[in-house]
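Asker: My questions are about this predicted structure, shown below with the sequence.
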Amino acid sequence: MGARRAALPALERSERAAAATARLLALPELAEVAGRTIAGYVAVQGELDPAAVLERAGARGCKVALPRVSREAPRLRFHEVAPGAALAATSGPFGLREPDAAAPELAIGDLDVVIVPGVAFDAEGRRLGFGGGYYDGALAMARAGAPGRPTLIGIAYDFQIVDDCPAGAGDVPVDLVVTDARVLRRAAVAGGEGG
């Protein structure tokens, strides 16, 4: 799946990201974002890029956060970023670009929406990440403090949707998955309907 994602030509990647962005911004969960906080990520290795969604949400008065990897739990922490803020390249295994360590850290429980990357997803919200448990660890902490919060939205290319994604006891499912072709809502969240 990662190889197929990375092999997408730049124009196709851009077109698919634009389609997914339009679907994501049309969601009721993002209708009224002023005064709320949305967290996303910086795309790597051919991931669908949420940058346009974060930029538009910020322009609508939403506070925007990006993750930083930490050696201590939670190993993924979210820091507020200003529009156009410079990001530092890390030397870690994923080659991430992260907000400056001095940027204000936001408590995971204070996030309203988290856009979550993945290698694959299924219609029940199960996701396959890179295997480090970074997102699952942070999101489990948030859900333990406030069940159902934050809203977790996976984004992916439509070919990353599989029939059954492997998941373990510590994996946290997303509430919905947005692709360049459709929106899938978990049965437990939306009565089994996909969009």
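Answerer: Structure's in. What do you need?

Asker: Could I get the contacting residues of the closest residue to R97 other than its chain neighbours?
Answerer: Residue nearest to R97 in three dimensions, not counting chain neighbours: L87, with 3.9 Å by C-beta to C-beta, 6 or more residues apart in numbering. Where C-beta positions appear, they are placed from N, C-alpha and C, glycine not excepted. By C-beta atoms under 8 Å, 6 or more residues apart in numbering, the contact set of L87 is V42, L66, V81, R97, E98, P99, D100.

Asker: Give the buried residues for the longest strand anywhere in the chain.
Answerer: Ranked by residue count and defined by DSSP state E, the top strand of the chain is strand 63-69. Neighbour-count burial for strand 63-69, counted by 16 or more other C-beta atoms under 10 Å, picks out K63, V64, A65, L66, P67, R68.

Asker: Quick check: P83 touching E55?
Answerer: Yes - proximity of P83 to E55 meets the contact threshold set by C-beta atoms under 8 Å, at 6.9 Å.

Asker: Of those two, which one has the most company?
Answerer: Remark: of P83 and E55, E55 carries more neighbours, 15 against 9, as counted by other C-beta atoms under 10 Å.

Asker: circling back to that earlier point, gap between the residue nearest to R97 and A51?
Answerer: Distance, L87 to A51, by C-beta to C-beta, to the nearest Å: 11 Å.
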